[in-house]
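Student: Sequence first, predicted model second:
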Amino acid sequence: MKKNKVSKAIFPVAGLGTRFLPATKSIPKEIMSLVDKPLIQYAIDEARAAGIEEFIFVTSRGKGALEDYFDSAPQLEASLRRKGKTELLEVLKKTTMESGEIAYLRQRDALGLGHAVWCARRLIANEPFAVILPDDVIAADKPCLQQMVEAYEETGGNMVAAMEVPFSEASKYGLLDVKEDMGRLMSVKGMVEKPEPSKAPSNLAVIGRYILTPNILKNLNKKMVGTGGEIQLTDAIATEIEVSSNVYGYRFEGQRYDCGSKAGFLKATVAFGLAREDLRDEFAEFLKGIAAARYAAQ
């Protein structure tokens, strides 16, 4: 059976980013940069590598800078052109979206991830779609969503990215109840949102990459309130598991950084800084000095 191509992706970016105040008082969290590239650009680059052609942003009040980021910047481009800075012009090209390529929807009420995805239902219509959470930045030789799309071409259905976490951290994630483990791929018989460690069905956590069928949107139509008083995407997926056997987990190759937390953002900054040839030597020397000074102080 031929699978429909995954060509649309939803980016839920309506959050206020309160963990990063006061910086997020004036700029959206998604514009905050790892080295010199905003979080949202990492997400867009990953989506493009996976063949995504339509980009749907679910936003909220105060996200104007996010919309401006993807627009052209004629004055800046003209200045760079006059100065012969062609490399920087090429960098800017990657940040500009063509007319009609990107859509913005407002999530008026902060009712959870499931609600944010539901807000895009009319633009998704009856097609499979991806969901990318920009807070989860994944360093990988082959981008995570691309890995998933290739696996989806064999399985169809619904697919969530999964990684192993300590059981002590179970209450931070949605966790998979695995039916059959096939290595990278696993069939799923249940999902539990943020359980207590003693009630966790496994230590396989769902992280911010999904490929979903339109049935998930039908489940979200019910607007069931779950953990934290919010409409949870994992609950809608769990409902689908009850009536079908087409939900899979995918162990992706790569390192995930939780850039929704300050510690995770700092770890990602160090990792991506050390991965840059133009920064690596100087930055590594600085870090060695910091570590040596701290060791000496002990």
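Tutor: Looks like it came in fine.

Student: which residues of the stretch 101-250 of the chain fall in helices?
Tutor: 113-118, 121-124, 144-155, 214-220, 233-243 (DSSP state H, counting those that start in this stretch).

Student: Of these, give the one that comes closest to Val206.
Tutor: Nearest to Val206, of all these, is helix 233-243, at 6.4 Å by C-beta to C-beta. For every residue, glycine as well, the C-beta is placed using N, CA and C.

Student: Now do that closest one, average pLDDT.
Tutor: Across helix 233-243, the average pLDDT comes to 86.

Student: now the helices of the stretch 101-250 of the chain in CSV, with mean neighbour count and distance to Lys83?
Tutor: Shown next, in CSV, are those (neighbours: other C-beta atoms under 10 Å; distance: least, C-beta to C-beta, whole Å):
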stretch, mean neighbour count, distance to Lys83
helix 113-118, 24, 41
helix 121-124, 15, 40
helix 144-155, 19, 36
helix 214-220, 20, 48
helix 233-243, 21, 46
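
Student: TSV please, covering those helices and showing distance to Ala73.
Tutor: Shown next, in TSV, are the helices of the stretch 101-250 of the chain (distance: least, C-beta to C-beta, whole Å):
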stretch	distance to Ala73
helix 113-118	28
helix 121-124	26
helix 144-155	27
helix 214-220	35
helix 233-243	34
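
Student: mean pLDDT for the ones you listed: which is lowest?
Tutor: Among the helices of the stretch 101-250 of the chain, helix 233-243 carries the lowest mean pLDDT (a mean of 86).

Student: Which residues does it contact?
Tutor: 112-114, 117, 131, 158, 160, 174, 188-193, 206, 210, 212-213, 215-216, 219-220, 222, 224, 226, 246-247 (C-beta atoms under 8 Å, 6 or more residues apart in numbering).

Student: From the residues you listed, which land in strands?
Tutor: If you go by DSSP state E, these have 131, 158, 160, 174, 188-193, 206, 210, 212, 247 in strands.

Student: Strands of the chain, start to end?
Tutor: Going by DSSP E, the chain shows strands at 8-12, 33-34, 37-38, 54-59, 102-106, 129-132, 136-139, 158-164, 174-182, 185-193, 204-212, 247-251, 255-258.

Student: For the longest helix seen in the chain, which helices and strands make contact with it?
Tutor: As assigned by DSSP state H, the longest helix anywhere in the chain is helix 280-297. Helices and strands touching helix 280-297, by 3 or more C-beta pairs under 8 Å, 6 or more residues apart in numbering; DSSP states H and E, are helix 262-274.

Student: between the ones in strands among the contacts of helix 233-243, which is nearest Thr96?
Tutor: Distances from Thr96 to the ones in strands among the contacts of helix 233-243, taken by C-beta to C-beta, are shortest for Val131, at 23.4 Å.

Student: how about that closest one, what does it touch?
Tutor: 9-12, 117, 208-210, 212, 233.

Student: mind running it again at 6 Å?
Tutor: Applying C-beta atoms under 6 Å, 6 or more residues apart in numbering, we find Val131 in contact with 10, 117, 210.

Student: roughly how far apart are it and Gly100?
Tutor: Val131 is 21 Å from Gly100, where distance means C-beta to C-beta, to the nearest Å.

Student: Help me confirm that Pro38 comes into contact with Ile31.
Tutor: Yes - counting by C-beta atoms under 6 Å, Pro38 does reach Ile31; the two are 4.8 Å apart.

Student: do you know which of the strands of the chain lies nearest Gly273?
Tutor: strand 33-34 (8.2 Å).

Student: List the pairing partners of that closest one within its sheet, with orientation.
Tutor: strand 37-38 (antiparallel) (DSSP bridges).
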